[in-house]
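Participant: need the 3D shape of this:
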Amino acid sequence: MIASMIPGLWMILASILLPVIPHYFRQPTMILSVVLSSLSLLNGFGTFLTWDILGFNLILYQSDNLTLPFAIIFHLASLLVIIFGWHNKNLMENMATLAYAGSAIGALHAGDFFSLFIWWEATALTSVFIVLAGNTVAARNSAMRYLIIQVCSGVLLLIGTCMMVYQTGSHELSKLDLSNSFGVFIFLAFGIKAAFPFLNGWLQDSYPESSPTGTVALSAFTTKLAIYALARTFPGTESLIWIGAIMTAFPVFFAVIENDLRRVLSFSLNNQLGFMVVGIGIGTELSLNGTVAHAFVHIIYKALLFMSMGAVLHRVGTTKASELGGLYRYMPLTTIFCIIGAMSISAFPLFSGFVAKSLIMSALGGQGLIIIYFVLFFASAGVLEHSGIKIPYFAFFAHERKTKVKEAPFNMLLAMGVAAFLCIGIGVYPKYLYSILPYAVDYHPYTIDHVISQVQLLVFAILAFLFLIKFKLYPSEMKSTVLNSDWFYRKMLPGIGKPLFKNLSFMINLIYYQLGLFFKYFMNKTKNLSTSNYIKVINPGFATFVLISILFLMLLIAVI
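Facilitator: Numbers count the residues shown, from 1 in each chain. Sure, this is the predicted structure:
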């Protein structure tokens with residue numbers, strides 16, 4: 001029974017039972033459900049569960065070389081989230097987190113678009129409750145926007161799937177392109193969850209509003225599920241190279257001026273997704289290996305960074321750079337773990353980011369895409385600046401702190417310690433990561449030229465940061481919120497739309513008012529007349545005039 005159970009379903013069933021389980025046994029139950037789900041990793045590759053319904057063959061459980069690494073890291077991330085949030089007594093958040101992780105794991109093993117759609121929407125609905133668990137007005141507002149956007153992604157996926165069935169007769173999860181209309185709809189659906197440019201505002205809006213535990217959970221699954229879906233269906237799509245390049249570059253500028261450090265990490269997450277999208281767009285075995293490897297290590301070091309900021313939020317009550325500093329004296333272990341995560345995301349040699357990102361950069365260099373290469377090179381320097389330096393510097397060192405705080409709770413330190421160990425372990429021994437990638441890997445990241453070029457980049461970025469700080473040229477920490485692409489939806493469109501609809505409403509009301517006066521006058525004239533007199537009043541010329549006037553007003557309304 002366990003072998004044929006859809007991976008992740010154990011976790012969803014456990015989340016349903018959590019309300020009847022005493023608090024002290026909830027987290028162990030959650031851990032047990034993840035362990036039971038992870039037994040599916042022993043099944044190997046193949047199709048294990050299908051369901052014939054209404055003439056469709058739904059592939060509910062299949063596994064292959066692309067599914068395996070994502071399934072491993074999703075289960076591992078689930079364990080880290082549960083350990084990090086061991087102290088959390090919020091039943092709704094515990095249920096939503098476990099069901100959310102289980103839904104993401106179930107989506108990995110879907111073999112057709114209809115099955116994927118079910119899990120796709122399940123991740124959307126469950127993650128909304130994680131945002132709501134932030135328990136603030138901002139979190140509730142953000143959750144509603146998040147729900148609308150995520151449901152739109154699911155609707156686009158369903159439309160594309162139905163069009164695909166109508167045009168091809170197939171609904172299997174297979175490679176697509178943008179030459180077909182259904183491919184475009186599915187591409188946009190995946191693009192929303194992958195936080196493509198102008199579709200990314202939900203990420204920076206919702207993640208920082210969640211609880212310390214919720215943000216860690218959200219950072220691990222939704223966007224990586226989208227990366228998996230893109231790698232499965234759109235490898236080698238050239239437009240993804242340019243989309244990914246934009247994703248790597250533009251968040252750098254927003255992250256530099258952002259004050260909330262969890263929002264900085266959200267911009268950084270968007271930046272890192274860009275590297276993965278570029279790898280999918282290249283579409284070679286090396287680049288796809290790089291995408292999967294980067295997604296794998298990114299979940300770990302990004303979770304570590306979000307956990308360190310979550311620990312700060314738990315103890316201090318804020319992650320605003322303008323209100324932090326000097327915490328290294330009181331939270332030394334959290335500081336060390338944060339620095340390890342910062343070095344990993346910055347791709348320092350001997351850390352996990354170095355051995356994963358180098359695969360993508362090497363694949364890109366072999367394609368002769370010089371402009372894209374230098375865009376990613378610039379973005380790599382930006383990552384060091386805003387996540388490698390800014391996060392630990394402003395959180396733990398920038399200012400002297402007068403108020404003492406306690407070190408993070410043991411369960412938080414344990415989760416951060418495991419993630420930090422993996423960041424270093426994968427960086428030192430990358431062969432274990434390479435062994436689970438989709439394609440055979442014959443790659444050695446620690447070549448002299450690669451190490452030297454990366455060290456030069458890191459040293460240059462560090463010196464640039466020190467120079468800006470020394471001469472007070474670095475943007476100061478201000479109490480502000482950076483809207484990024486959300487500016488178009490929150491400021492520009494309402495700025496244009498409100499006056500437009502106001503004037504339009506005024507004109508329509510004016511037209512209806514004039515029509516009301518006309519018919520009132522007309523009815524008063526004919527009220528006391530007999531039928532014969534009525535016919536005499538409405539002569540052909542007057543009737544023609546009225547008819548033409550009505551048609552003209554209807555045309556005017558339609559045009560407006």
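Participant: please make it C-alpha for all contacts and neighbour counts, starting now.
Facilitator: Noted.
Participant: low-confidence ranges, the stretch 1-150 of the chain, go.
Facilitator: Filtered on pLDDT under 70, the stretch 1-150 of the chain yields the residue ranges 1-3.
Participant: go on, the stretch 401-550 of the chain?
Facilitator: 473-493, 497, 501, 512, 518-519, 521-523, 525-550.
Participant: now the helices for it?
Facilitator: In the stretch 401-550 of the chain, the segments counted as helices under DSSP state H, counting those that start in this stretch are 410-428, 431-434, 448-470, 486-487, 493-526, 531-537, 540-559.
Participant: what's the answer for the stretch 151-300 of the chain, then?
Facilitator: 181-193, 201-206, 212-233, 239-257, 261-282, 285-316.
Participant: to L13, which of the ones you listed lies closest?
Facilitator: With Cα to Cα as the measure, helix 212-233 is the member of those nearest L13 (18.4 Å).
Participant: average pLDDT across that closest one?
Facilitator: If you average the pLDDT over helix 212-233, you get 95.
Participant: helices and strands around that helix, which ones?
Facilitator: helix 67-84, helix 91-108, helix 113-132, helix 181-193, helix 261-282, helix 285-316 (3 or more Cα pairs under 8 Å, 6 or more residues apart in numbering; DSSP states H and E).
Participant: let me have those in TSV, adding distance to K498 as columns.
Facilitator: Shown next, in TSV, are those (distance: least, Cα to Cα, whole Å):
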stretch	distance to K498
helix 67-84	43
helix 91-108	37
helix 113-132	29
helix 181-193	26
helix 261-282	29
helix 285-316	38
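Participant: so which of the ones you listed is nearest F374?
Facilitator: The nearest among the helices and strands packed on helix 212-233, by Cα to Cα, is helix 261-282 at 12.4 Å.
Participant: what mean pLDDT does that closest one have?
Facilitator: Helix 261-282 comes out at a mean pLDDT of 94.
Participant: buried ones in that helix?
Facilitator: By 16 or more other Cα atoms under 10 Å, the buried positions in helix 261-282 come out as 261-282.
Participant: OK, contacts around the spatially most central residue of the chain?
Facilitator: Centroid-nearest residue in the chain, with Cα atoms, centre = their mean: T223, separated by 4.0 Å. Counting by Cα atoms under 8 Å, 6 or more residues apart in numbering, T223 touches 193-195, 273.
Participant: cutoff 7 Å now
Facilitator: The contact partners of T223, by Cα atoms under 7 Å, 6 or more residues apart in numbering, come to 193-194.
Participant: measure it to N200 for me?
Facilitator: 10 Å (Cα to Cα, to the nearest Å).
Participant: with K470 instead?
Facilitator: 34 Å.
Participant: between these two, who's got more neighbours?
Facilitator: N200 (21 against 10; other Cα atoms under 10 Å).
Participant: can you report phi and psi for that one?
Facilitator: When quoted as degrees, to the nearest 10, the phi and psi of N200 stand at phi -100, psi 0.
Participant: could you list every residue that touches it?
Facilitator: Per Cα under 7 Å, 6+ apart, neighbours of N200: I192.
Participant: per-residue pLDDT of it, please?
Facilitator: pLDDT, N200: 85.
Participant: over to L555?
Facilitator: So, for L555, pLDDT stands at 55.
Participant: got the buried residues for stretch 145-164?
Facilitator: Quick answer for stretch 145-164 (16+ other Cα under 10 Å): 145-147, 149-158, 160-164.
Participant: flag every buried residue along the strand or helix carrying M343.
Facilitator: Following DSSP states H and E, one finds M343 within helix 332-345. With burial defined by 16+ other Cα under 10 Å, the residues of helix 332-345 counted as buried are 333-345.
Participant: for the residues you listed, which one is nearest A408?
Facilitator: Taking Cα to Cα as the measure, A408 lies nearest T334 of those, at 7.0 Å.
Participant: isn't the closest one up against M307?
Facilitator: No - contact between T334 and M307 fails when scored by Cα atoms under 7 Å: they sit 8.9 Å apart.
Participant: OK, contacts around I436?
Facilitator: With contacts defined as Cα under 7 Å, 6+ apart, the neighbours of I436 are P69.
Participant: the same query, at a cut-off of 8 Å, please.
Facilitator: So I436 contacts 65, 68-69 (Cα under 8 Å, 6+ apart).
Participant: buried subset of the residues you listed?
Facilitator: 68-69.
Participant: format the contacts of I436 as CSV; extra columns: distance to S15.
Facilitator: Below are those laid out as CSV (distance: Cα to Cα, whole Å):
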residue, distance to S15
N65, 29
L68, 24
P69, 24
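Participant: of all the contacts of I436, which comes closest to T318?
Facilitator: Out of those, the member with the shortest distance to T318 (by Cα to Cα) is P69, at 34.8 Å.
Participant: OK, contacts around that closest one?
Facilitator: 292, 296, 436-438.
Participant: and L79, by the same measure?
Facilitator: L79 is in contact with 31, 34, counting by Cα under 8 Å, 6+ apart.
Participant: again, 7 Å this time
Facilitator: I31.
Participant: same thing with the one 5 residues further on?
Facilitator: Contacts for F84 were tallied using Cα under 7 Å, 6+ apart; they are 213, 411-412, 415.
Participant: export those residues to TSV and tack on distance to M5 and neighbour count?
Facilitator: Formatted as TSV, these follow (distance: Cα to Cα, whole Å; neighbours: other Cα atoms under 10 Å):
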residue	distance to M5	neighbour count
T213	28	29
N411	30	16
M412	31	24
A415	28	24
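Participant: quick one on the thing from earlier: so how far is the helix holding M343 off the chain centroid?
Facilitator: On the basis of Cα atoms, centre = their mean, to the nearest Å, helix 332-345 sits 23 Å off its chain's mean C-alpha point.
Participant: so which elements touch that helix?
Facilitator: Secondary-structure packing of helix 332-345 (3 or more Cα pairs under 7 Å, 6 or more residues apart in numbering; DSSP states H and E): helix 285-316, helix 352-365, helix 410-428.
Participant: relative to helix 285-316, how tilted is it?
Facilitator: 160 degrees (axes from the mean of the first three to the mean of the last three Cα atoms, to 10 degrees).
Participant: output helix 332-345 as PDB, restricted to C-alpha atoms.
Facilitator: Provided in PDB are the C-alpha atoms of helix 332-345 (Å, rounded to 0.1, in the frame of the first residue of the first chain):
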ATOM      1  CA  PRO A 332      26.200  34.300  17.500                       C
ATOM      2  CA  LEU A 333      25.100  30.900  16.100                       C
ATOM      3  CA  THR A 334      22.400  32.500  14.100                       C
ATOM      4  CA  THR A 335      25.000  34.900  12.800                       C
ATOM      5  CA  ILE A 336      27.300  32.100  11.700                       C
ATOM      6  CA  PHE A 337      24.500  30.200  10.000                       C
ATOM      7  CA  CYS A 338      23.400  33.300   8.200                       C
ATOM      8  CA  ILE A 339      27.000  33.900   7.000                       C
ATOM      9  CA  ILE A 340      27.200  30.300   5.700                       C
ATOM     10  CA  GLY A 341      23.900  30.800   3.800                       C
ATOM     11  CA  ALA A 342      25.200  34.200   2.400                       C
ATOM     12  CA  MET A 343      28.500  32.600   1.200                       C
ATOM     13  CA  SER A 344      26.500  29.700  -0.400                       C
ATOM     14  CA  ILE A 345      24.200  32.000  -2.300                       C
END
